[in-house]
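> got a structure for you, letters missing:
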């Protein structure tokens, strides 16, 4: 049952606090930033055309045309006449179809394998990551057992043209219903915030029966591409699937919707998860615990102790020999395969309803 949180503030306290935003850029700064994308001298022959495009982009920026093409929400929404971004609505429709396939007992078991490392041999490091190699071991093990392995390589963010995950804007901290499922903050065409990869990533998560996340430890934490994805998955945990209830991004309306009794739906709950976290000196335990806590909070179910692995590769040895150290550590390779094997055993039981978390029927007195 949904219920409002305790100590509900009075109506005047719902007014959003202001003063942080410094306003729109001056024209000269906007022009400089727009043209910086065409720094290569090869573009100089098109300077006149670029000037015309910059004028169009400036007009869109001035008018805040975030979603220049919209469509009527239609049946199934609280306000059928509300104008929704055609891009958002298409993403929402794809998630609904993916959810139907995921719940169909006739579909093959599907596990999303995520490489969370930023290193990629197609860019500055000049070498593939060890996380990618672990992902390959996991994939081989899953597919040998007849499980579909859907690969998500987050190193594409550093190695692929205009493949991006834009930062979370923190809508949830204003009010949970302001955080839409899927995220409606992007694309924002007036700010040039396009080519966001998250709609495709949401679909991969929704379609999966299990997720195996593989990550190195960067400065005691998750790599930047992985953290960007994690932050943008906040809408999967309590997010609002109907932006018409908040009139788009109306903060006051969203606060009232939450206080009227928001149910904080967990859109990815019930999927299994496994983890492989590795490092070379320190921090693997902290990152593995943080990732486990995050996945537990979202309602995913761990596939057992063997599915939560943290190990050092080449402990205090030179970075230059790290791949050779992984070659020599056949035990950790087998442990990685065991993460996949644990998932192979867990997913059928979850899908059949034979594996229910002991606390599944408890009512949370502090929903959030």
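Received, thanks. Computed from a predicted model, the values in this text were never measured in an experiment.
> so how far is residue 33 from residue 192?
Using C-beta to C-beta, to the nearest Å, residue 192 is found at 9 Å from residue 33. Heads up, the C-betas are built off the backbone N, CA and C, glycines and all.
> now do the strands in this structure.
Ranges of strands in the chain, per DSSP state E, are 70-72, 83-85, 110-115, 148-153, 210-216, 272-279, 301-302, 308-312.
> and residue 105, how many neighbours?
6 (other C-beta atoms under 10 Å).
> mind jotting down where the helices sit in the stretch 51-200 of the chain?
For the stretch 51-200 of the chain, helices defined by DSSP state H, counting those that start in this stretch occupy the ranges 86-103, 130-144, 156-159, 198-207.
> let's have those helices in CSV, adding distance to residue 114, mean neighbour count and mean pLDDT.
Formatted as CSV, the helices of the stretch 51-200 of the chain follow (distance: least, C-beta to C-beta, whole Å; neighbours: other C-beta atoms under 10 Å; pLDDT from 0 to 100):
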stretch, distance to residue 114, mean neighbour count, mean pLDDT
helix 86-103, 16, 16, 98
helix 130-144, 8, 20, 98
helix 156-159, 12, 18, 97
helix 198-207, 9, 20, 98
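> what's the neighbour count on residue 281?
12.
> correction: residue 168
When neighbours are counted by other C-beta under 10 Å, residue 168 comes out with 22.
> got the phi and psi for it?
Phi and psi for residue 168, reported as degrees, to the nearest 10, are phi -70, psi 140.
> find me the pLDDT at it, would you?
For residue 168, the model assigns a pLDDT of 98.
> how many neighbours does the residue nearest to it when sequence neighbours are not counted have?
Excluding the flanking residues, the one nearest residue 168 by C-beta to C-beta, 6 or more residues apart in numbering is residue 231, at 3.8 Å. By the criterion of other C-beta under 10 Å, residue 231 has 15 neighbours.
> can I assume residue 231 is in contact with residue 171?
No. Judged on C-beta atoms under 8 Å, residue 231 makes no contact with residue 171 at a distance of 11.3 Å.
> the residue most central in space within the chain and residue 198, how far apart?
Computing the C-alpha centroid of the chain and ranking residues by C-alpha atoms, centre = their mean puts residue 229 first, at 3.3 Å. Between residue 229 and residue 198 the distance is 7 Å, computed by C-beta to C-beta.
> which residues do the two both contact?
Counting by C-beta atoms under 8 Å, 6 or more residues apart in numbering, the contacts common to residue 229 and residue 198 are residue 165.
> picking that back up, just send the helices of the stretch 51-200 of the chain back as TSV, with distance to residue 46 too.
TSV is the format used below for the helices of the stretch 51-200 of the chain (distance: least, C-beta to C-beta, whole Å):
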stretch	distance to residue 46
helix 86-103	28
helix 130-144	38
helix 156-159	27
helix 198-207	31
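> to residue 336, which of the ones you listed lies closest?
helix 130-144 (4.8 Å; C-beta to C-beta).
> that closest one vs strand 110-115, what angle?
Using axes from the mean of the first three to the mean of the last three C-alpha atoms, to 10 degrees, the inter-axis angle of helix 130-144 relative to strand 110-115 is 160 degrees.
> TSV for the strands of the chain, including distance to residue 17?
TSV is the format used below for the strands of the chain (distance: least, C-beta to C-beta, whole Å):
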stretch	distance to residue 17
strand 70-72	29
strand 83-85	27
strand 110-115	36
strand 148-153	37
strand 210-216	35
strand 272-279	37
strand 301-302	38
strand 308-312	40
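> how about a markdown table for those strands, with distance to residue 139 and mean neighbour count added?
Shown next, in a markdown table, are the strands of the chain (distance: least, C-beta to C-beta, whole Å; neighbours: other C-beta atoms under 10 Å):
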| stretch | distance to residue 139 | mean neighbour count |
| --- | --- | --- |
| strand 70-72 | 38 | 14 |
| strand 83-85 | 35 | 20 |
| strand 110-115 | 6 | 25 |
| strand 148-153 | 4 | 18 |
| strand 210-216 | 9 | 27 |
| strand 272-279 | 12 | 26 |
| strand 301-302 | 20 | 20 |
| strand 308-312 | 16 | 19 |
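> which one of those lies nearest to residue 240?
Judged by C-beta to C-beta, the one of the strands of the chain that comes nearest to residue 240 is strand 83-85, at 12.8 Å.
> other SSEs contacting the closest one?
Identification of packing neighbours for strand 83-85 by 3 or more C-beta pairs under 8 Å, 6 or more residues apart in numbering; DSSP states H and E yields strand 70-72.
> low-confidence ranges, the protein, go.
By pLDDT under 70, the low-scoring segments of the chain are 1-12.
> who touches the residue of it positioned farthest from its centre in this structure?
Distance from the centre of the chain peaks at residue 45, with 39.9 Å (C-alpha atoms, centre = their mean). If you count contacts by C-beta under 8 Å, 6+ apart, residue 45 has none.
> kindly report the same for residue 226.
114, 116, 117, 154, 213, 215.
> of all the residues you listed, which two lie farthest apart?
Maximum pairwise distance in the contacts of residue 226, criterion C-beta to C-beta, is 11.1 Å, between 117 and 213.
> which one of the contacts of residue 226 sits closest to residue 322?
For the contacts of residue 226, the minimum distance to residue 322 (C-beta to C-beta) is 11.9 Å, reached by residue 117.
> rewinding a little: closest to residue 341 out of the strands of the chain?
strand 272-279 (9.7 Å).
> show me what the closest one is packed against.
helix 130-144, strand 210-216, helix 284-297, strand 301-302, strand 308-312, helix 330-351.
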